[in-house]
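1. the sequence isn't on hand, but the structure is:
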């Protein structure tokens, strides 16, 4: 049984079942190693997650780390780590390798391998992965083959059961510490090697060459028969229920390729809603110190599986709590398997892994080759024309109209297919009709047009760069996921890892899963249809074999269509599952049933932790924060259970009793910061609606309460410890406002910045944290479903590199306001006010988990963003917000020669602020290609650059800034050299790029001149770290404006090329090169940098423009600090304000505006964004191209 825990009083509205909630019977008794407990006396107690986990004795080597400062429950447990099922990621049985308190120790930094001409990786994989050269530390799990097929956890297997977990040599469990493995040349995809490690007792494992994954699986499956009982005794994992029938895909079942409009989802859609629109972007992560083996690889960049950090960008799961907790979270995204089966199959038991869903409950075909197709002559793919990819229609479909995109007002209602025929297509028929995607058999597309970069200087488009459209037929293209939510670096997926290595481009995904959408089909269904094997949600890219069966587009398993799914409540018709909204929309949101809950949905709980030291009072931020809260108190997301609390701190910690019935707020001061405690735990978090008047009184009084304070110290650490204790019973969001370096108690920091080194061109130090206190605290918060958001308002160095950890690892966000002062810096004060309005009113998801699945043969190995990695493909997000972006690196584990399409699906399970459990699902479909030209034709240059930026941040922290900069340059050199080596009739003396990559060198140069990576220019350490945090957490659309701003001339706006938005005419001026040669003294220019707008006014600018737009008679009268444009009744003023408003509306956080003259100090910042110009420490764009050309033509 789990550790003994004291019973805690639950907050009102939290400790009992919500209305209509019924806990599944026997739910917890089905999870191994959880203490038997009644639902009410244990299931919903305060320390809910680590509560009932009993870890058996493990032979696990962990670093020597002191006990957790916060003494969080379960933090000292050691959990063994079992690798996932062959070909599948482990949703369930994977256990946290090391506790949150134990794994934080970093290995000492070792010498770094040369970066110029070779790149080393350290992965246990059959192929060279995508990513910066890998550095492996002793606590990082190896890359998992086939991570997209999660593994379901079941109750313990009887001793004689023949079914247990299967492991390949790529994913053997590490009882000791992993030895580094050598990487392979990017030219080879199957190099024999062995992973030196111990297998757990009860396993007779077979090590073989990496390329023999199926063979290894054969041997392991045969050797497991007598061993499962021992495994269940020694490794905390579930086996397959002995009563559960094991299915295998019959070789006689037609191997239907994914087709258009084919899909189904279990359950009756009782309602489909289109919620109101909302909006979208946020911060970062942190890598661990790793070491890289010295290896000789072929010259050029190899994007190896870069093992960076276990929490914020990590291929390896390191859990801060039991892995049954992981199952419990993700299975909430997975509904009972009864929702994805019919009476012909036994339901999967309701544990967490069944909810969001593990991998294969059935055994896969144990062969070393794919399932053979029927003996029908195979049509060559090469014989098909480009774009020929729609499956051939059977009789009865011939006159049907393919599905079209669904309008949320009536999703799923389309003129559709006729009744299903009795005869269905075989594998060869569909393979041939889906084949022929090669670009080489058609006219050369525009994306492959060669561009001479050194001669063609006008490569910037006149408008923003659109996302490339995947080479799919029009029907699939209409159904595909929006690139704003789901984007791949390559819209044509290489068939093999060898082909990917030749292209020298990284393969990865850019995600914006919770972004605000104006149209979103919301489905309430009694059942949610999912694949019985890989747990994929039914989507537009599945294939219907007939009216009663559908084929998964990720693992190709044939599933039954549940009876309820046959009825479409929108059309009130029966027998047309392909018209259901789940099958007509690539982005949907399900209202989850109680099967997805392990406890009643938590209420929205908000805790504000405010710095009230002398420095905080001086800068005046308290007035803005309290005023914003007063204005938006009624707009905080939540319901009648919403709760709120306040903590302030200087050299002591102050709590506020706001219990209903008091005449005024009561301050409670705790001066013992070394042993912090809660003075009255039950009255510090109060119901927002019941205590609203007391809350308003406190907010009105706070700005003046500390006016005369002399306290200069900051006890941030103890205040955070108190906040953690206060929030642990429920979870929620902690908002921390800090104005200086923490100087007292736990987590105190010392200044590490040397101002004389800000312009150094050599080593930039202290990019990593100085202490692990904030990381430990964040992991403990994450375990209790609490996220920490940081607002840093400081004019001095505050060690953001250390403080940022509190948000990185708890799925929080970071806001930074350098040189903040309410009166002396009005632009920053205005920005804080606008940011707070968005922050307090935007939607929020609590206790969330996210999983990414992909087609068999692809695997995910590294994540980037703010989160905690629970298993190889499961991210824990205590909070999720619509402004957060994520990135994922991938590799090709198995050849994709048997399919013409691949799909990716992300599922985000969360609790809404209204207490609903919801699942948002995005599905992306892309073609598979076999030629290098096709790979380049499908390159998404912006997605490539954003993924490289994430990887470069990790490299900067784990190795050095110089290595990261070299890697970015080499990424351009290698990809262009690879392209030029394969293109014919090109003069080697020229620098040629395909049209799809013509902006690649420009964007990389912009990255090198960005605050995160620039050298030789004075850059404050906190500014640099914040820019890196932004790189790791911003969605692509906002990150690109930060990397490469947009420059427009605005003094000559006309009605030509305008667009109409909400009865407003919006001018569309062309984009200008980021070069001073485009600036004229007679003009006015607007630079959009994402978070700030600069308006640069030339000395000789037309006085009519200055008068009409700026409201001043002439240039000399324009003030130095102008941050607003007046409303002047003039056409030029209306056009300018309309254009700026349109730009502002496209982003979640409203940018501040600064008008700049030649005498303005901000002029320096403006000119530093002109990245095509030369600076003392950096190339101009043309010089950079010549440098690239010199290296390419060596």
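-> That came through fine. All figures in this text were calculated on a predicted structure; none of them were measured in a lab.
2. identify the residues contacting the residue nearest to residue 575 when sequence neighbours are not counted.
-> For residue 575, ignoring the flanking residues on the chain, the nearest one in space by CB to CB, 6 or more residues apart in numbering is residue 566 at 5.7 Å. Placement of C-beta: from N, CA and C, glycine included. Counting by CB atoms under 8 Å, 6 or more residues apart in numbering, residue 566 makes contact with 547, 574, 575, 576, 577.
3. now do residue 566 against residue 1029, distance only.
-> Distance from residue 566 to residue 1029, counting by CB to CB, to the nearest Å: 49 Å.
4. what does residue 1064 give?
-> Taking CB to CB, one finds residue 1064 at 35 Å from residue 1029.
5. more neighbours, the two?
-> residue 1029 (28 against 12; other CB atoms under 10 Å).
6. you'd agree the more buried one is in a helix?
-> Yes - under DSSP: H, G, I helix; E, B strand; the rest coil, residue 1029 falls within a helix.
7. my guess is it meets residue 804, correct?
-> Yes - using CB atoms under 8 Å, residue 1029 is in contact with residue 804, at 5.5 Å.
8. I'd assumed residue 504 was in contact with residue 974.
-> Yes - using CB under 8 Å, residue 974 is in contact with residue 504, at 4.0 Å.
9. quick check: end-to-end length of stretch 1002-1021?
-> 25 Å (CA to CA, to the nearest Å).
10. make 753 the first number, not 1, from now on.
-> Right, with 753 as the first residue, what we last looked at is stretch 1754-1773.
11. what about residue 1379, how many neighbours?
-> Residue 1379 sits with 15 neighbouring residues when counted by other CB under 10 Å.
12. dump the residue contacts of it.
-> Residue 1379 neighbours (CB under 8 Å, 6+ apart): residue 1585.
13. buried set for the one helix or strand it maps to?
-> In the assignment (DSSP states H and E), residue 1379 maps to helix 1373-1384. Residues of helix 1373-1384 classed as buried by neighbour count (16 or more other CB atoms under 10 Å): 1373, 1374, 1376, 1377, 1378, 1380, 1381.
14. equivalent analysis for stretch 1637-1656, please.
-> 1637-1648, 1650-1656.
15. narrow those residues to those in strands?
-> Counting by DSSP state E, the buried residues of stretch 1637-1656 place 1638, 1639, 1640, 1641, 1642, 1643, 1644, 1653, 1654, 1655, 1656 in strands.
16. just those residues now: which is nearest residue 1765?
-> Nearest to residue 1765 among these: residue 1639, at 16.7 Å, using CB to CB.
17. can you pull the contacts of the closest one?
-> 1260, 1261, 1262, 1263, 1615, 1616, 1617, 1698, 1699, 1702, 1784.
18. among these, who's most crowded?
-> residue 1702 (33 neighbours).
19. is it true that residue 1204 touches residue 1742?
-> Yes - between residue 1204 and residue 1742 there is a contact under CB under 8 Å: 5.4 Å.
20. now intersect the contacts of residue 1639 with the helices, please.
-> 1698, 1699, 1702, 1784 (DSSP state H).
21. can you name the two of those residues that sit furthest apart?
-> Every pair of these checked by CB to CB; the farthest is 1699 and 1784, at 11.3 Å.
22. shared neighbours of those two, anything?
-> With CB under 8 Å, 6+ apart, residue 1699 and residue 1784 have common neighbours 1616, 1639.
23. need the longest helix for this protein.
-> Max-length helix for the chain by DSSP H is helix 1713-1734.
24. average pLDDT across that one?
-> For helix 1713-1734, mean pLDDT is 94.
25. what helices and strands are in contact with the next helix or strand after that helix?
-> Sequence order places strand 1744-1746 as the next helix or strand after helix 1713-1734, per DSSP H and E. The contact analysis (3 or more CB pairs under 8 Å, 6 or more residues apart in numbering; DSSP states H and E) places strand 1744-1746 against strand 1202-1204, helix 1713-1734.
26. go again using 10 Å as the cut-off
-> Applying 3 or more CB pairs under 10 Å, 6 or more residues apart in numbering; DSSP states H and E, one finds that strand 1744-1746 makes contact with strand 1202-1204, helix 1684-1689, helix 1713-1734, helix 1752-1760, helix 1933-1944.
27. reformat these as a markdown table; add mean neighbour count.
-> Below are those laid out as a markdown table (neighbours: other CB atoms under 10 Å):
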| stretch | mean neighbour count |
| --- | --- |
| strand 1202-1204 | 16 |
| helix 1684-1689 | 24 |
| helix 1713-1734 | 22 |
| helix 1752-1760 | 24 |
| helix 1933-1944 | 18 |
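28. now do the helices in the stretch 1303-1452 of the chain.
-> For the stretch 1303-1452 of the chain, the helices defined by DSSP state H, counting those that start in this stretch occupy 1333-1336, 1366-1371, 1373-1384, 1444-1457.
29. closest to residue 1541 out of those helices?
-> Here helix 1373-1384 is closest among those (CB to CB), at 12.7 Å.
30. report the angle between the closest one and helix 1444-1457.
-> Interaxial angle, helix 1373-1384 versus helix 1444-1457 (axes from the mean of the first three to the mean of the last three CA atoms, to 10 degrees): 160 degrees.
31. which stretch of helix or strand covers residue 1677?
-> Going by DSSP H and E, residue 1677 is part of strand 1669-1681.
32. strands paired with that strand, and their directions?
-> strand 1245-1246 (parallel), strand 1339-1343 (antiparallel), strand 1653-1664 (antiparallel) (DSSP bridges).
33. so which of these gets nearest residue 1926?
-> That would be strand 1245-1246 among the strands paired with strand 1669-1681, by CB to CB, at 37.4 Å.
34. next secondary structure after the closest one?
-> In N-to-C order, the element after strand 1245-1246 by DSSP H and E is helix 1249-1255.
35. quick one on the thing from earlier: got the contacts of residue 1639 as TSV, with distance to residue 1821 and pLDDT columns?
-> Output for the contacts of residue 1639, formatted as TSV (distance: CB to CB, whole Å; pLDDT from 0 to 100):
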residue	distance to residue 1821	pLDDT
1260	33	97
1261	33	96
1262	28	96
1263	32	96
1615	39	94
1616	34	95
1617	34	94
1698	25	97
1699	30	97
1702	32	97
1784	32	95
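36. closest one of those to residue 1537?
-> Nearest to residue 1537, judged by CB to CB, of these is residue 1617 at 17.7 Å.
37. tell me the pLDDT at the closest residue to the closest one other than its chain neighbours?
-> Excluding the flanking residues, the one nearest residue 1617 by CB to CB, 6+ apart is residue 1638, at 3.8 Å. If you check residue 1638, the pLDDT there is 96.
38. residue 1638 and residue 1616 touch, don't they?
-> Yes - if you go by CB atoms under 10 Å, residue 1638 and residue 1616 touch, sitting 6.5 Å apart.
39. could you pull out the strands for the stretch 1203-1352 of the chain?
-> Remark: strands assigned in the stretch 1203-1352 of the chain by DSSP state E, counting those that start in this stretch are 1238-1240, 1245-1246, 1260-1263, 1274-1277, 1295-1298, 1301-1303, 1310-1312, 1319-1320, 1325-1326, 1339-1343.
40. and the fifth one, what does it pack onto?
-> It stands for strand 1295-1298. Using 3+ CB pairs under 10 Å, 6+ apart: strand 1295-1298 touches strand 1301-1303, strand 1310-1312.
41. check which residues of the first one are buried.
-> In other words, strand 1301-1303. 1301, 1302, 1303.
42. okay, now the unreliable bits of the chain?
-> 753-1196, 1508-1514, 1736-1740 (pLDDT under 70).
43. domain parsing for it?
-> 1357-1595, 1797-1920 (automatic domain parsing).
44. so residue 1776 sits in a helix?
-> Yes - Residue 1776 forms part of a helix when assessed by three-state DSSP.
45. residue contacts, it?
-> 1510, 1516, 1518-1519, 1552-1553, 1708, 1713, 1762-1766 (CB atoms under 10 Å, 6 or more residues apart in numbering).
46. number of residues surrounding the nearest residue to residue 1355 once chain neighbours are set aside?
-> Nearest residue to residue 1355, sequence neighbours excluded (CB to CB, 6+ apart): residue 1393, at 3.6 Å. Around residue 1393 there are 22 other residues, counting by other CB under 10 Å.
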